[in-house]
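Got a sequence here, can you model it:
(3 chains, ligands or ions: 2)
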Amino acid sequence: MSLRTLEELKASGELRTSSKLEAILKMGHLAVTSECGPPRGSDPKAVTEKAELIKNHVDAINTTDNQTAVTRMCSLAACIHVKQMGLEPVLQMVTRDRNRIALQSDLLGAASFNINTMLCLSGDHQSFGDCKQGQNVHDLDSMQLIQTVRRMRDDGKFLGGDDIKRPPNIFVGAAANPFADPFEIRVPRLAKKIACGAEFIQTQCIYNLDKFEEWMRRVRERGLHEKVFIMAGMTPMKSAGMAKYMKNRVPGMDVPDEIIARLSGVPKDKQAEEGINICVEAIQRLKEVEGVAGFHIMAIEWEEKVPEIVERSGLYPRPQV
Amino acid sequence: MRLKCPANFRIIRLPCTGKIDVIHILRAFEKGADGVYVVGCMEGDCHFKSGNFRARKRVEQAAKILDQIGVGGERVKMYNLSSGEGPLFAQYSIEMDNKIRELGPNPVKVALQAKKQAA
Amino acid sequence: MIIASKKPIEEIIQEVKDYKRLLILGCNECVTVCEAGGKKEVEVLASTLRMHFIKEGNEKKIEERTLERQCDHEYLEEIRGIVDNYDAILSLACGVGVQFTAEKYHSTPLLPGVNTCFLGANEQRGMWTERCQACGSCILARTGGICPISRCAKRVMNGPCGGSSKGKCEINKELDCAWQLIIDRLRDLGRLDDYEIVAPIKDWSTERAGGPRKVVREDVQV
Ligand code: SF4
Ligand code: SF4
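Ligands and ions are numbered 1, 2, ... in the order given. Alright, predicted model coming up:
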C-alpha cells in the first residue's frame, strides 16, 4: 500500500473512528504498538512511568486486562491515565470477568474518555492467577464481544436493542495465535474474527518465523490481509531461562530450539542483548512479509528496551497524526 | 517343615476372593474381629481373570476406612499364594497373628466390652 | 446421569455426631451407578459410623435403607412410617434427592452424604467425566455433538481459545480441549466448513442464570 497523508485519508471517507491507530494503519504506515501492564496496586505512576518510557516510539499503548488472571489495577483506569498524558491507549477487555452488562457499560465508560481503540480477548483461565477459587463469567466469547462493539458503534444499539446516546467510537481489534492448535483452523479462525468485525489483529508472540510466514501465506491466499490489519506480536527474550519457560510453560507458545540454543550460546550477562538482537532481526524479516501491517512489541517489565528495538528495526521516527 | 497354624482365627471360604466386598471386612470388625486377612491366588492366576486384583483394591479400601476411624488399617492384609502352599499359608497366619498381637485388640470390641461391664 | 462423589468421612462424622438415631438413606439410581450412594455404600458407611461412634463411647442407632429413587414422591412415601424413629436422615442421594426428602419430611433434619458433582458419563471403570451443564437450550447439533459449555474451561462458543495446545486444554495437559474434539469430529463428518459459522450470542436465560427452572408438560398432567 502506498502512503497517504492524513488529509487524503480523511477525504477518502475510509476512517471509521478517531483512533490514532486506525489512521496510521490506513495511511499505510507500519504501525507500532506496545503494552503497559497495570500494577498490582493503585499507584498511577506505575502506568505513567512505563508510558513515559515508550511514548515517543509507539503509536498506541495497550493496557492489559488482569493478564494471566492475576488481579491488577483495571485496564480502563490505566487507559485513562495514558489518555490523560495525551497518548493513545488501547483498551484490552477479556470476557472472563464481566458479563454483557458490565462489558457494554465499560465500553461506554471508555468512550466517555474518548478511548478509541480496543482489543477483545477471552482471557487466561482464572486457574493461572491469584483467584483460582473464583468464578469465571464467559457470558460472551471474544468473537461475540467484537460483534457487540461493532453493533454498539455502527448501529448505535445495545445488545438488548435500545439506542445508545452518543455511541462509542471505537476501532476494534482481536488477538490471533498463529501457533495454537489445531493449525488447520488457524486461518479460518481469523476469517471468523474478521466476519465478526475485527479491524486489526495483534498476534501472539512470534518466535517461529517460518510457521508465522506459512500462516501469513495462507492468510493472503484467502485475501484476509486486505480485510484486516495484522500486527505481528514481538516479545524480546531476557534470557535462555525465559525462552525455556515460554516454550514449556506458556500454553500456545511456539519457541523453536534454535532460539534457546542461540541464547544459551552466549554468556549469561550477554543473553539479554542477544534477546534484543533476535527480536530486531525478526522484525526486520517480517517487515518484508506482505500483509504484515505493523508490530506489537510486548516487552514485559522491560519497557525501557522498546525505544532501542523500534529504532534498530528502522521503525523510528513514528509518523505524526 | 511343618508349621503349626495359630488356632485363633476362623476361615471363611469363598469361591474367589473377587467375591469379597468392603462391607464383609468391616462387618468382621464390627463383630469384634481383631484382624482380617484375605488369601487369594497368585496375581495373574485368577480363574476369573481379575478377582484377586479386585480383592486387593477392596482390602485397600477397607484399610483406609479403618485408618480413618482409628481402628487401624494394618489390621487387614491381602496375601497371594498358589494352592498346595500349605506351609506358606501357615507362615502368613503366624505373621498376621503376631502383627495383631502387637497392635492389641480391636478398639471397637474393647469399647463394647467396657460398656457391657459398666451395665 | 448425575455424578456424585463420597463426602470425606470426617465431614460426615461432624455432621451427624449429635444425633442419636440415624437413618442412612441410599438411592438406587445415578448414585448407585457411580458408586457413591447405593445400597453398598450405605452399608459401608453405616458400618463405619457404627464402629466409629462405639469406639468414641457415643454409640448410636444407625440403620440403613435404600430407595428406588429419592427424587420421586412415590418412593419417598415408603419411609413415611419409619421417619419418626430417627433424629436425622443422612441421604446418599444427589442434591436433588436430599432436598426432595427434606421437603417431604419437614421436621426431620436431612444431611447430605455425598457431593453432587455434575452430569456425566462412566468413561471407564472408576472414572466419570462431565458432559452436560443442562443449559436448557442444547446446541450440540452445531458443535459436532460435543458440548463446549460443559467441556471447554471457558465455555467459548467460537473456539478454540489461544491456549489450546496439542489437543489439550490450557488449564490441564490431561484434559482434552473441547474445541479440538469439535473440530476433529466436524472434519470426520465432512463438515469442517461449518466451523466458520459464527455461533450467535447465547441466551443464558434458560440456564442457571435465569433463576430456578421448571419444565411443565400439560399434555401429561392429570
Ligand atoms: S449444549 Fe446445553 S444441553 Fe446441550 S449438552 Fe451442552 S450444556 Fe447440555
Ligand atoms: S484450550 Fe480448548 S477447552 Fe481449554 S479453554 Fe481453550 S478452547 Fe476451551
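
counting residues per helix, which one in chain A is longest?
When every helix of chain A is counted residue by residue (DSSP state H), the longest turns out to be helix A:271-287.

Revised request: answer the last question for chain C.
Taking residue count as the measure and DSSP H as the definition, the longest helix of chain C comes out as helix C:39-55.

Would you mark the buried spots in it?
Residues of helix C:39-55 classed as buried under the neighbour-count rule (16 or more other C-beta atoms under 10 Å in any protein chain shown) are C:39, C:41-55. For glycine as for every other residue, the C-beta is placed from the backbone atoms N, C-alpha and C.

Could I get the full set of helices for chain A?
Per DSSP H, chain A carries helices over the ranges A:6-12, A:20-27, A:45-54, A:75-84, A:100-112, A:142-150, A:186-196, A:209-221, A:240-249, A:257-264, A:271-287, A:306-312.

Can you check which of those gets nearest to residue C:92?
Among the helices of chain A, the nearest to residue C:92 by C-beta to C-beta is helix A:100-112 (39.8 Å).

what angle sits between the closest one and helix A:142-150?
Helix A:100-112 runs at 50 degrees relative to helix A:142-150, counting by axes from the mean of the first three to the mean of the last three C-alpha atoms, to 10 degrees.

Which other helices and strands does helix A:100-112 contact?
Secondary-structure packing of helix A:100-112 (3 or more C-beta pairs under 8 Å, 6 or more residues apart in numbering or on different chains; DSSP states H and E): helix A:75-84, strand A:89-94, helix A:142-150.

Indicate which one of those is closest to residue C:13.
With distances scored as C-beta to C-beta, the stretch of those nearest to residue C:13 is strand A:89-94 (43.1 Å).

Can you name the residue of the stretch 101-250 of chain A nearest ligand 1?
Nearest residue of the stretch 101-250 of chain A to ligand 1, counting by C-beta to the nearest ligand atom: residue A:138, 13.2 Å away.

what pLDDT does that residue get?
At residue A:138, the model reports a pLDDT of 97.

out of the helices and strands packed on helix A:100-112, deepest packed?
Relative to the other members of those, strand A:89-94 carries the highest mean neighbour count by mean count of other C-beta atoms under 10 Å in any protein chain shown, namely a mean of 27.

Please identify the pairing partners of that strand and their relative orientation?
Looking at strand A:89-94 with DSSP bridges, its paired strands and their directions are strand A:60-63 (parallel), strand A:117-121 (parallel).

and those as JSON lines, adding distance to ligand 1 and mean pLDDT?
Formatted as JSON lines, the entries for these read as follows, by distance: least, C-beta to the nearest ligand atom, whole Å; pLDDT from 0 to 100:
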{"stretch": "strand A:60-63", "distance to ligand 1": "34", "mean pLDDT": "98"}
{"stretch": "strand A:117-121", "distance to ligand 1": "23", "mean pLDDT": "98"}
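
Would you mind putting the ones you listed into TSV with mean neighbour count and distance to residue C:149 alongside?
Below are the strands paired with strand A:89-94 laid out as TSV (neighbours: other C-beta atoms under 10 Å in any protein chain shown; distance: least, C-beta to C-beta, whole Å):
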stretch	mean neighbour count	distance to residue C:149
strand A:60-63	26	30
strand A:117-121	27	20
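
mind checking which of the ones you listed is nearest residue B:55?
If you check each of those against residue B:55 by C-beta to C-beta, strand A:117-121 wins as the nearest, at 53.2 Å.

how big is the angle separating the closest one from helix A:75-84?
Inter-element angle recorded for strand A:117-121 and helix A:75-84: 160 degrees (by the same axes, to 10 degrees).

Tell me, how many residues neighbour the nearest residue to residue A:6 once chain neighbours are set aside?
The shortest distance from residue A:6 to any residue other than its chain neighbours is 5.3 Å, reached at residue A:321 (C-beta to C-beta, 6 or more residues apart in numbering or on different chains). Taking other C-beta atoms under 10 Å in any protein chain shown as the neighbour definition, residue A:321 ends up with a count of 15.

again with residue B:34
24.

mind checking the SS state of the closest residue to residue C:87 other than its chain neighbours?
Closest residue to residue C:87 apart from its sequence neighbours, by C-beta to C-beta, 6+ apart: residue C:19 at 4.1 Å. Classification of residue C:19 using DSSP: H, G, I helix; E, B strand; the rest coil returns coil.

Would you mind listing the residues in contact with residue C:19?
Applying C-beta atoms under 8 Å, 6 or more residues apart in numbering or on different chains to residue C:19 gives the contacts C:60, C:86-88, C:109.

List buried residues within those.
With neighbours counted by 16+ other C-beta under 10 Å, the contacts of residue C:19 contain buried members at C:60, C:86-88, C:109.

Pull the contacting residues for the closest residue to residue C:194 other than its chain neighbours.
Closest residue to residue C:194 in three dimensions, ignoring its sequence neighbours and counting by C-beta to C-beta, 6+ apart: residue C:186, at 5.9 Å. Contacts for residue C:186 were tallied using C-beta under 8 Å, 6+ apart; they are C:144, C:192, C:194-195.

Ok, residue C:90 next?
The neighbours of residue C:90, taking C-beta under 8 Å, 6+ apart as the test, are C:12, C:15-16, C:22-25, C:45, C:111-113.

Report pLDDT for residue 213.
Defaulting to chain A. Turning to residue A:213, the model gives it a pLDDT of 97.

The chain in question should be chain C.
So residue C:213 comes in at 97 (pLDDT).

helix or strand for the nearest residue to it once chain neighbours are set aside, which one?
For residue C:213, the nearest residue in space outside its immediate sequence neighbours is residue C:136; the separation is 6.3 Å by C-beta to C-beta, 6+ apart. When secondary structure is defined by DSSP states H and E, residue C:136 falls outside every helix and strand.
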